[in-house]
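Undergrad: predicted model and sequence follow; I will ask about them next.
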Amino acid sequence: MVVTVFIYGGSNSLLKTGWTAGLQEDFPPHSVVNHSIGATTSVTAIYQMLTNAKIRHEPGDVVVWEYALNEANHITKGLDPEIALGNTERFIRECARRELKLAAAVFTPLDQEMAEERMPYYSMLHALFQHYGIEIFDVSQTWRLQNDVPRVPRRLYRNKAHYADDPEIRNFIIAGVKTALGKAQRPMNVSPLRCGPGELHVELAKTGERFENSRISALVAPINYRMEFSRKGAVVGLAALVHPNSRSGLHVRLDRRNRVESMANFSTAGAKSMGKPIMKVYSAEAAKNVTWDVIPGDVLDIGPLNSAGLLYSETSSRGELKRLDEVQPASFIGVVMELSETD
């Protein structure tokens, strides 16, 4: 049986001369498929797994998860680690449902590597993967143990968020990932720690203009859009385009029988340096720390921002706008849901 390796991670897994390129050299053609997207977290991997028609997993295929560095950076900027870990657990459980084997490649940003001690997120992450019997290759931990040193040296980082383009660290990562792949297992059938037991589901815009790049193809809803739910669960992710050099955002309101249940503003304002739009799947739970529990008949009302100010943002989007573009671009793509067991 031909086994395919699927990689879900951040920009360290996208570098043309990085570890993923080297890994592909050791496998048959087309047997390593890279679905990484930079500046994102595990909830983006969930969205991709559920929506990308080009992703054809077969039972027994192997998935590499590489989002620790990105999630650590998001946590530094305010994301609750429990929310980050909850989405990682949802990804783990989705792999189990699809009968996929899983291995974790755990990277560390420069500031955490140089710190006296890494943030508690890392020990919590290890405990989560161990709960499911998942093999972990932690670059920092393994380097320290093998070399009897207190940390990975600064010279092996290109910048605060990326390892250096250096054969020493690249080959070390490739070897560690290969070892983890050889020990990869399907996640064990155990009770969840930080998420619900329900299946994951996406609700996507049904009208709009299509956006495509090398990673995704999706309808982007008109600037004013209403989405009615037919299933019971909780919205855990909101997918939207972030536009370069824009001053824009989405005002999102959840209505139930003409009563507002939840409401938040999400940034779609990117920096000029982005060059082109990117897709973000925001951790919906983190926006004002509100819950987005839905029942059939609930309506999500999405529109442009009507006033400047503070809004929910993550890496690559701006969290404060002093003024708005006169015409704000269409951005909403859909939501990721965790369904209720009683759905």
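TA: Good, I have the coordinates.
Undergrad: going forward, measure contacts between C-alpha atoms and count neighbours the same way
TA: OK.
Undergrad: what's the neighbour count on L14?
TA: Neighbour count of L14, defined by other Cα atoms under 10 Å: 19.
Undergrad: repeat that for A115.
TA: So A115, with other Cα under 10 Å, has 10 neighbours.
Undergrad: cool, and S11?
TA: 18.
Undergrad: how about it: what's its closest non-neighbour residue?
TA: Setting aside the residues directly before and after it, S11 is nearest to G38 in space (Cα to Cα, 6 or more residues apart in numbering), at 4.1 Å.
Undergrad: ok, that neighbour - contacts?
TA: 9-12, 14 (Cα atoms under 8 Å, 6 or more residues apart in numbering).
Undergrad: where do the strands sit along the stretch 201-343 of the chain?
TA: 209-212, 217-220, 225-228, 233-242, 249-256, 259-267, 278-283, 293-294, 299-304, 309-310, 320-321, 332-339 (DSSP state E, counting those that start in this stretch).
Undergrad: now the ones you listed as a markdown table including mean pLDDT, distance to E82 and mean neighbour count?
TA: Converted to a markdown table, the strands of the stretch 201-343 of the chain look like this (pLDDT from 0 to 100; distance: least, Cα to Cα, whole Å; neighbours: other Cα atoms under 10 Å):
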| stretch | mean pLDDT | distance to E82 | mean neighbour count |
| --- | --- | --- | --- |
| strand 209-212 | 95 | 32 | 12 |
| strand 217-220 | 95 | 29 | 19 |
| strand 225-228 | 98 | 28 | 17 |
| strand 233-242 | 97 | 13 | 24 |
| strand 249-256 | 97 | 23 | 22 |
| strand 259-267 | 95 | 20 | 19 |
| strand 278-283 | 94 | 11 | 25 |
| strand 293-294 | 96 | 18 | 21 |
| strand 299-304 | 98 | 25 | 21 |
| strand 309-310 | 96 | 23 | 14 |
| strand 320-321 | 96 | 24 | 16 |
| strand 332-339 | 98 | 16 | 24 |
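Undergrad: tell me which of these sits nearest to L85.
TA: strand 278-283 (11.2 Å; Cα to Cα).
Undergrad: parallel or antiparallel, which strands does that closest one pair with?
TA: strand 233-242 (antiparallel) (DSSP bridges).
Undergrad: thinking again about what came up before, distance to V63 for the strands of the stretch 201-343 of the chain - can I get that in a markdown table?
TA: What follows is the strands of the stretch 201-343 of the chain, written out as a markdown table (distance: least, Cα to Cα, whole Å):
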| stretch | distance to V63 |
| --- | --- |
| strand 209-212 | 24 |
| strand 217-220 | 21 |
| strand 225-228 | 32 |
| strand 233-242 | 21 |
| strand 249-256 | 33 |
| strand 259-267 | 30 |
| strand 278-283 | 20 |
| strand 293-294 | 30 |
| strand 299-304 | 33 |
| strand 309-310 | 37 |
| strand 320-321 | 36 |
| strand 332-339 | 20 |
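Undergrad: now the spatially most central residue of the chain: how far from W65?
TA: The centroid of the chain falls nearest to T41 when counting by Cα atoms, centre = their mean (2.4 Å). Here the criterion is Cα to Cα, to the nearest Å. By it, T41 lies 10 Å from W65.
Undergrad: between the two, what contacts are shared?
TA: Contacts common to T41 and W65, judged by Cα under 8 Å, 6+ apart, are G9.
Undergrad: report how many residues lie close to V149.
TA: 10.
Undergrad: also the one 10 residues further on?
TA: By the other Cα under 10 Å criterion, the neighbourhood of N159 contains 13 residues.
Undergrad: quick check: closest non-adjacent residue to P304.
TA: L250 (4.9 Å).
Undergrad: thought L305 was touching that neighbour, still the case?
TA: Yes. Proximity of L250 to L305 meets the contact threshold set by Cα atoms under 8 Å, at 5.5 Å.
Undergrad: which neighbours do the two share?
TA: In contact with both L250 and L305: N265, using Cα under 8 Å, 6+ apart.
Undergrad: can you show me the CA trace of stretch 314-322 as PDB?
TA: Output of stretch 314-322 as PDB, limited to C-alpha atoms (Å, rounded to 0.1, in the frame of the first residue of the first chain):
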ATOM      1  CA  GLU A 314      -4.300  37.600  14.800                       C
ATOM      2  CA  THR A 315      -0.900  37.400  13.200                       C
ATOM      3  CA  SER A 316      -0.800  39.200   9.800                       C
ATOM      4  CA  SER A 317      -3.900  41.300  10.500                       C
ATOM      5  CA  ARG A 318      -4.100  44.700  12.300                       C
ATOM      6  CA  GLY A 319      -6.000  45.000  15.600                       C
ATOM      7  CA  GLU A 320      -6.700  48.700  15.600                       C
ATOM      8  CA  LEU A 321      -7.900  50.900  12.800                       C
ATOM      9  CA  LYS A 322      -8.000  54.700  13.100                       C
END
